[in-house]
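Enquirer: Just to be clear, the model below is a prediction. Sequence and coordinates:
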Amino acid sequence: GPRTDVDGGEGTEVRGLAGGERRVISSASPWIEVDHGAIAWNVGVLRSLLQPGTRLLAVVKSNAYGHGAAEVARTVLQHGAEMLGVARIEEGVVLREAGIAAPILIFGPTPVCCAGELLRYQLTPTVTGATDAPGLAAAVPSGRKLAVHFKVDTGMGRLGCLVQPHADTATVAAQAMNAA
């Protein structure tokens, strides 16, 4: 809700917190107030703009940009998001250990040595090219399957497998994962 900061001499008096609470904090102490109602409303607005059946992935990387990944994840999942996105495998593990069961996509590179954790915590790595796929596929034990997100470079030139114009993307993806 709205808040008023008043210089209290030795600190800052903050009025207008939830429930009319007043608090004095040090003027040198950074703090953040997260409005989960606003987050829920934003997810609802995004959901209303999507076609029925479209899945919504909420990005909670970097501790939900400092807002608390597990708490924000619970809010967005309760209000219409179906999936979560994180930057690194460690962030996905933290969410799983907090009881989050929704699908989690790892945006950044995941070392092949982490294949066991990917399987154990049911995390989906992003494969950015044909060179990533065989090593990752070889690290998955026989009889187990690992879902992956195959990233295609659509023109920004940052990440992803370059696909020739008019190439069959499914064929490119299958060739990259043929070691699986």
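Expert: Everything's here; your move.
Enquirer: only C-alpha atoms for contact and neighbour calcs from this point on.
Expert: Fine.
Enquirer: Show me where the protein has its strands.
Expert: Along the chain, the segments classed as strands by DSSP state E run 4-7, 12-15, 23-25, 57-59, 83-86, 104-106, 123-127, 149-150, 152-153, 161-162.
Enquirer: Sheet partners, orientation included, of the fourth one?
Expert: The sheet places strand 57-59 alongside strand 83-86 (parallel), with pairing taken from DSSP bridges.
Enquirer: how far is the strand it pairs with from where the chain is centred?
Expert: Strand 83-86 sits 3 Å away from the centroid of its parent chain (C-alpha atoms, centre = their mean, to the nearest Å).
Enquirer: What are the neighbouring residues in contact with the spatially most central residue of the chain?
Expert: Residue closest to the average C-alpha location in the chain (C-alpha atoms, centre = their mean): Gly85, at 2.0 Å. Applying C-alpha atoms under 8 Å, 6 or more residues apart in numbering, we find Gly85 in contact with 57-61, 104-107.
Enquirer: rerun that using 10 Å as the cut-off
Expert: Residues in contact with Gly85, defined by C-alpha atoms under 10 Å, 6 or more residues apart in numbering, are 57-61, 64, 73, 91-92, 103-108, 124.
Enquirer: Would you single out the least confident of the strands of the chain?
Expert: Among the strands of the chain, strand 4-7 carries the lowest mean pLDDT, a mean of 42.
Enquirer: For Cys141, grab the count of nearby residues.
Expert: Just so we're on the same page, residue 141 is Pro rather than Cys. 13 (other C-alpha atoms under 10 Å).
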